[in-house]
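>>> turn this into a model:
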Amino acid sequence: MDYDVVILSAPGYLGPASEPSLLANVVKEDQLVQDALKATGLRVCRKSWDDPTFDWSTARYAIFRSTWDYIHRVAEFTQWLETTKTQIQFINSTQLIDWNLDKHYLLDLKQKGIHIPKTVFIEKETAISLEDAWKNAKTSKGFHGETLILKPCISGGARHTYKIDTKNIHEYEEVFSSLIEKEAMMLQEFQKNIVDKGEVSLMIFHGTYTHAVLKRAKQGDFRVQDDFGGSIQEYDPSPEEIQFAVNTVHAAPEMPMYARVDIFRDNEGKLALAELEIFEPELWFRLHTNAAQVLAEKIHETLF
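I've put the predicted structure just below:
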């Protein structure tokens, strides 16, 4: 084989890049991972997942990093994944990725004792209005307050994510109807602490915590993603927060090689899981470069 590990990116993130920019951050972080893997003696390259010239059977493993265009090319990406997984092994595994792509995984984690926010899943083509779904949530899940969050079960970058004032819920019936025809949706209480205090992301590599960041929405918004003006800063988590994140990855169907655990204090003040990201999470290596070395060492000692 020509390569031990292929770092997977997307066409728009291959570089070159000028500072400062999102592209520069992506290129820098992928380079940190590539250099760290090479330092362990592994043969490494970086490719776009849709590169038609690359023979995937010439490499042993691939690791998803910045394949962030897939959400806009789902059919094409799914077909590529089905074909490529017969030629190369993925870090994390295909089974783990399939489980993690659909946020129904939150129910699995809840059953294993991981606290999640109050959530109602509305399956594709369910014959229900948004208002009735909200009323059912108040009865079955104890929803309180007058603000909801509606989002798809398969999504990224806050795609089709809506903050809804229940006094105006009728204004969202048309968009809800069009969405539920095509995909399953989630209805959650609006979590005021995510806006007031932010959301914490903890990076866990094969069960080992390395670093964390605090993500905050810009003034007047509720989305912490930097696509919508959100900001990040380095964060020193409490032992309770670290233990929560470690417990979360241990509750997954298998131990992920890399994971980002997004947590916050819910409306009752309890630590809760926003998301467990084990497909292509942003991991902020640029803020903690030693974390790339930890990941590389975990890969080397576990898989080679």
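>>> quick one: average pLDDT of stretch 269-289?
Stretch 269-289 shows a mean pLDDT of 95.
>>> for it, buried residues please.
Buried residues in stretch 269-289, counted by 16 or more other C-beta atoms under 10 Å: 271-285, 287-288. Heads up, the C-betas are built off the backbone N, CA and C, glycines and all.
>>> what does stretch 98-118 give?
Neighbour counts over stretch 98-118 (16+ other C-beta under 10 Å) mark 99-101, 103, 105-106, 109, 114-118 as buried.
>>> so where's the chain uncertain?
The model of the chain has pLDDT under 70 over residues 156-158, 218-230.
>>> name the single longest helix found in it.
Secondary structure of the chain per DSSP state H: the longest helix is helix 22-39.
>>> helices or strands next to it in the packing?
strand 3-9, strand 44-48, helix 290-303 (3 or more C-beta pairs under 8 Å, 6 or more residues apart in numbering; DSSP states H and E).
>>> which residue ranges form the strands in this protein?
Applying DSSP state E to the chain gives strands spanning 3-9, 44-48, 59-64, 89-91, 119-122, 147-152, 162-165, 185-189, 199-205, 208-216, 231-234, 259-265, 271-277.
>>> in TSV: these, plus distance to residue 26.
Below are the strands of the chain laid out as TSV (distance: least, C-beta to C-beta, whole Å):
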stretch	distance to residue 26
strand 3-9	7
strand 44-48	11
strand 59-64	13
strand 89-91	18
strand 119-122	31
strand 147-152	24
strand 162-165	28
strand 185-189	28
strand 199-205	16
strand 208-216	16
strand 231-234	15
strand 259-265	15
strand 271-277	16
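>>> so which of those is nearest residue 140?
strand 119-122 (7.3 Å; C-beta to C-beta).
>>> return the set of buried residues in that closest one.
Under 16+ other C-beta under 10 Å, the buried positions of strand 119-122 are 119-120, 122.
>>> likewise for stretch 186-202?
Those would be 186-191, 194-195, 198-202, for stretch 186-202 by 16+ other C-beta under 10 Å.
>>> just flag the most distant two among those residues.
Farthest pair in the buried residues of stretch 186-202, by C-beta to C-beta: 187 and 202, 26.3 Å.
>>> excluding chain neighbours, what is closest to residue 277?
Closest residue to residue 277 apart from its sequence neighbours, by C-beta to C-beta, 6 or more residues apart in numbering: residue 260 at 4.2 Å.
>>> lovely, talk soon.
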